[in-house]
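**Student:** what would the 3D arrangement of this be:
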Amino acid sequence: MNELAPFFDKLSSSFSNETFVKITLSKPAYKSDGLLNVYVRLVEIKGEPQFSFTYHYQTNDQVKNYTLEEAKVEITEQLSGKFRVGILFTLEEDFTVQLSKKGKVSTRSTFPSFKNKPPQDHDKPKTKRAALGKYLTLLGVCDADGLVIPKMADKFRQINKYLEIIEGLIKNTKLPHEAHIVDMGSGKGYLTFALYDYLVNQRKIEVKITGIEVRKELVDFCNETAKTCGFENLKFEEKPIEQYNKKLDVLIALHACDTATDDAIFKGLSAKAALIITAPCCHKQIRQQVKGVEQQSPMLKYGIFKERQFEMITDTIRALIMEQHQYSTNIFEFISNEHTRKNVMLVGTKSNKKPNKETLDLKIAEIKKEFGVEQHYLESVLNRK
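**Tutor:** Numbering: from 1, shown residues only. Alright, predicted model coming up:
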């Protein structure tokens, strides 16, 4: 795009005279791929300057490094339909390039926003969203001195990854004032406590959080811990998921076993929750249903592949059913495989766009026919209501 030449002239000049601060690419032309914006900063790698691009997606960040000429190519691609605004920040000026819906390019220069350059350290320290608060000591993640216990280091990393994901999801979801978040199958409450502490104490967001758990000893322990920590709007209730019938705005169900995930999704759909966040596990229902059914694909000859295939089928049908109920869905890796195989997160965000139910019905029917599935448990629960 020749229209971007002034922008790149300014970039080259700021690079050579060492006045470059950063670049931001924003206002995505479409959001179907989940890419929200791109930040570009200068880093030093093995003694050589490189432009580090951080791609901010709805659920995670990705980083890639480029030379000056490679950076120009990448920026051109990003501004060729993906983003409508690019801003170059230097110590001399802020230079903005803006593209209209019809592709018309306009530029403007304003006074500089920055007086000093940021450091060029390549390994930017990660923000730990889980503050080393009292609750982590009471839950056995930290010792009496507030330091993470070595054997609980994976759990602490999991908590921070979880909060990173939740932060992105909530930021892009319209929630009511004092939203009610319900964590179904909260267990010992590691993630439930972390979420409350992060949202209420660190972000100063007014929410109420309820943990649902069938094991009385865990409910009593969590309620006592919440009381000790002064977490006034965090409560735990002893009951199975299917018996919870109160209002909720955000539904969370992490590692609810087998069809308990479907019971939780059903509660979220029934409540028209703004956000449904699940991390399914076990996936027994469909695997047991297709036992003895001959599969055409040679890949399904092997047990381990068959198990993974039917996990994907189970969660794909869940996602399609959520789409039938006017949710935009996404499935992605929650945490690394090295920590647990139960690492997939299925998320649904309430949408204003009406679904094409006939097309979705057909997709579900084709999957069921291809793999010999009679009925998904979530379908049967919805049919009973």
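**Student:** so for the longest helix along the chain, what's the average pLDDT?
**Tutor:** Ranked by residue count, the top helix of the chain under DSSP state H comes out as helix 303-324. Mean pLDDT, helix 303-324: 87.
**Student:** what distance separates the least confident helix or strand in the chain by mean pLDDT from the centre of its chain?
**Tutor:** Least confident helix or strand, the chain: helix 284-289 with a mean of 80, by mean pLDDT, DSSP states H and E. Centre-to-centre, helix 284-289 and its host chain are 28 Å apart (CA atoms, centre = their mean, to the nearest Å).
**Student:** next one: stretch 238-250
**Tutor:** 23 Å.
**Student:** contact partners of that stretch?
**Tutor:** The contact list for stretch 238-250 (CB atoms under 8 Å, 6 or more residues apart in numbering) reads 170, 173, 175-176, 179-182, 184-185, 210, 212-216, 219, 237, 253, 256, 260, 263-264, 267-268, 271, 273-277. C-betas here are computed from N, CA, C, even on glycine.
**Student:** quick one, helices of the protein?
**Tutor:** Assigned by DSSP H, the helices in the chain fall at 5-16, 68-78, 134-138, 153-171, 190-196, 216-229, 260-270, 284-289, 303-324, 357-371, 377-384.
**Student:** among those, which gets the worst mean confidence?
**Tutor:** When I compare the helices of the chain, helix 284-289 is least confident, with a mean of 80.
**Student:** could you export it as PDB, CA atoms only?
**Tutor:** Provided in PDB are the C-alpha atoms of helix 284-289 (Å, rounded to 0.1, in the frame of the first residue of the first chain):
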ATOM      1  CA  LYS A 284     -17.600 -40.900  29.200                       C
ATOM      2  CA  GLN A 285     -21.200 -40.500  27.900                       C
ATOM      3  CA  ILE A 286     -20.600 -40.700  24.100                       C
ATOM      4  CA  ARG A 287     -17.600 -43.100  24.400                       C
ATOM      5  CA  GLN A 288     -19.800 -45.600  26.200                       C
ATOM      6  CA  GLN A 289     -22.700 -45.000  23.800                       C
END
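**Student:** list the helices and strands it packs on?
**Tutor:** Under the contact criterion of 3 or more CB pairs under 8 Å, 6 or more residues apart in numbering; DSSP states H and E, helix 284-289 touches helix 303-324.
**Student:** other SSEs contacting the helix it packs on?
**Tutor:** For helix 303-324, the packing partners by 3+ CB pairs under 8 Å, 6+ apart are helix 260-270, strand 275-281, helix 284-289, strand 327-333, strand 344-350, helix 357-371, helix 377-384.
**Student:** which residues does residue 99 contact?
**Tutor:** 79, 83, 84, 85, 105.
**Student:** show me where the stretch 51-200 of the chain has strands.
**Tutor:** With DSSP state E, counting those that start in this stretch as the criterion, the stretch 51-200 of the chain has strands at 61-66, 83-90, 94-99, 105-110, 179-184.
**Student:** quick check: which of these is nearest to residue 75?
**Tutor:** strand 83-90 (6.6 Å; CB to CB).
**Student:** direction included, what does that closest one pair up with?
**Tutor:** strand 20-28 (antiparallel), strand 94-99 (antiparallel) (DSSP bridges).
**Student:** and it, how far out from the chain's middle?
**Tutor:** Worked out by CA atoms, centre = their mean, strand 83-90 lies 26 Å from the chain centre.
**Student:** what about the residue nearest to residue 179 when sequence neighbours are not counted, how many residues nearby?
**Tutor:** In space, and not counting its chain neighbours, residue 179 is closest to residue 249: 4.2 Å by CB to CB, 6 or more residues apart in numbering. Residue 249 has 22 neighbours, counted by other CB atoms under 10 Å.
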